[in-house]
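Q: Sequence first, predicted model second:
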Amino acid sequence: MRAVVYDKPGSFTVADRPMPEPGRGEVLLRVLVAGVCGTDVHLHDGEFGPTYPLTPGHEFVGEVVALGPDVASPAIGARVVVDNTAACGHCVECRRARPNFCRNLVAQGVNAPGGFAEYLTTDADRCFDIGDLDPFVAVFTEPTACVVHGLDVLAPAPGAHILIFGAGPTGIILAQLLARTGAGSVTVAAPSAHKLELIASRGADRTVRVDRSDLPGARDASLEALSQVTGRQIDPVAAGGLGGDGFDIVIDASGSADVLELAPSLVRVGGTIFVYGMTREGAVWPLRPYDVFRRELTVKGSFAQQFSFDRALDALRSGRVDTTGMITDRYGLDDYGAALAAVANSASIKTVLVPGA
């Protein structure tokens, strides 16, 4: 079979590999489609803890083609999505119901073979049958599950006024779910006009075009643009440093440290800054402790997904998360380098690999 294989950061080939065989409790999947995301770009650069040799790909849809011993379901021929993480269930973090932080975590596409291949094996009990759901919709299950877990962590109050930076796949999914779960308003700021048009059609109340390359140098202009569009008086020096109306919640879904530097100026007293996007590991955020103290700000983060795959599938099946038009780039395995470049291109929304193409 063919697979993308890294031997070190930045160095990969598309090579012939032995066909994997399912072990006890496992199934063999023929990969139908696999999503490429920003995490894969970090892995390409050697960040996020990759283990070599590595076949990336943590967002994948497959068809069951063989069963290992002791597997009754899913049946051969079933189409499934897979929770790519397997926790040990015994370490201190697992016993605290935090499997994301398992000391012995196996994550397909990170430290175990992933979906950028024609075939792979996985645990049968981590498969979720998609039924007749289109695989090109089901491929959004893992990123949607990450958003669902993020909202579990964020726990937004009903009626909250929310600002999201970033209109990529996660920004679009976040905006849809927040708009449908009681937000007072959802504003999205991003540099790409066509992405903002798409996100406006999916439930965002307002959109603001802001070029991240100008941040934070153009902070005052960005604040003014947000104030004009939203009608919220954003003035971080007003009222003795308490600020104006601001937003109840400011979410970074862009992974930009410059965006995070702007966030304290945009959040209101008692508000929350939500770090959702994945920055570079070495990025530093110059957050003033006095701001957190004086204005009683809350900072939260969200990592990956846990206990949320079934809810993500429900959201996709019901249409509450509408992925129409989100896949902008499709490549075969041999064009994996072009797929990585597409992820970094602001014109792209979602890039996928189709190993059988």
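A: Sure, I can see it.
Q: Next, count neighbours for Arg103.
A: Each residue near Arg103 was counted by other CB atoms under 10 Å, and the total is 11. Quick note: C-beta positions are derived from backbone N, CA and C, even for glycine.
Q: so how far is Leu54 from it?
A: In this view, Arg103 and Leu54 are 20 Å apart by CB to CB, to the nearest Å.
Q: Which residues lie in contact with Ile349 in this structure?
A: Neighbouring residues of Ile349 by CB atoms under 8 Å, 6 or more residues apart in numbering: Gly168, Pro169, Ile172, Lys195, Leu198, Gly325, Met326, Ile327, Thr328.
Q: Just among those, which is most surrounded?
A: Neighbour-wise, those (other CB under 10 Å) top out at Ile172, 32 neighbours.
Q: tell me the SS of the residue nearest to it when sequence neighbours are not counted?
A: In space, and not counting its chain neighbours, Ile172 is closest to Ile199: 5.3 Å by CB to CB, 6 or more residues apart in numbering. Secondary structure, DSSP: H, G, I helix; E, B strand; the rest coil: Ile199 is helix.
Q: domain assignment for the chain?
A: 2-140+323-353, 147-301 (automatic domain parsing).
Q: how much space between Pro135 and Val147?
A: From Pro135 to Val147 the distance is 20 Å (CB to CB).
Q: And those two? Which one has more around it.
A: Applying other CB under 10 Å to Pro135 and Val147 shows that Val147 carries more neighbours, namely 30 against 19.
Q: where does the more buried one fall, phi/psi-wise?
A: Backbone torsions of Val147, given as degrees, to the nearest 10, read phi -70, psi -40.
Q: and the closest residue to it other than its chain neighbours, what helix or strand is that in?
A: Nearest residue to Val147, sequence neighbours excluded (CB to CB, 6+ apart): Ile173, at 4.6 Å. Ile173 belongs to helix 169-179 when assigned by DSSP states H and E.
Q: elements contacting that helix?
A: helix 141-154, strand 161-165, strand 185-190, helix 193-200 (3 or more CB pairs under 8 Å, 6 or more residues apart in numbering; DSSP states H and E).
Q: export those to CSV and tack on mean pLDDT and distance to Gly301?
A: As requested, those are exported to CSV (pLDDT from 0 to 100; distance: least, CB to CB, whole Å):
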stretch, mean pLDDT, distance to Gly301
helix 141-154, 98, 8
strand 161-165, 94, 15
strand 185-190, 93, 20
helix 193-200, 95, 23
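Q: List the residues that contact the residue nearest in space to the middle of the chain.
A: The C-alpha lying nearest the average C-alpha coordinate of the chain belongs to Pro143 (CA atoms, centre = their mean; 4.5 Å). Residues in contact with Pro143, defined by CB under 8 Å, 6+ apart, are Gly35, Cys37, Glu59, Pro169, Thr170, Ile173.
Q: ok, so of those, who is nearest Met19?
A: When the contacts of Pro143 are ranked by distance to Met19 (CB to CB), Glu59 comes first, at 22.4 Å.
Q: Ala179 - nearest residue in space that isn't next to it in sequence?
A: Gly203 (3.3 Å).
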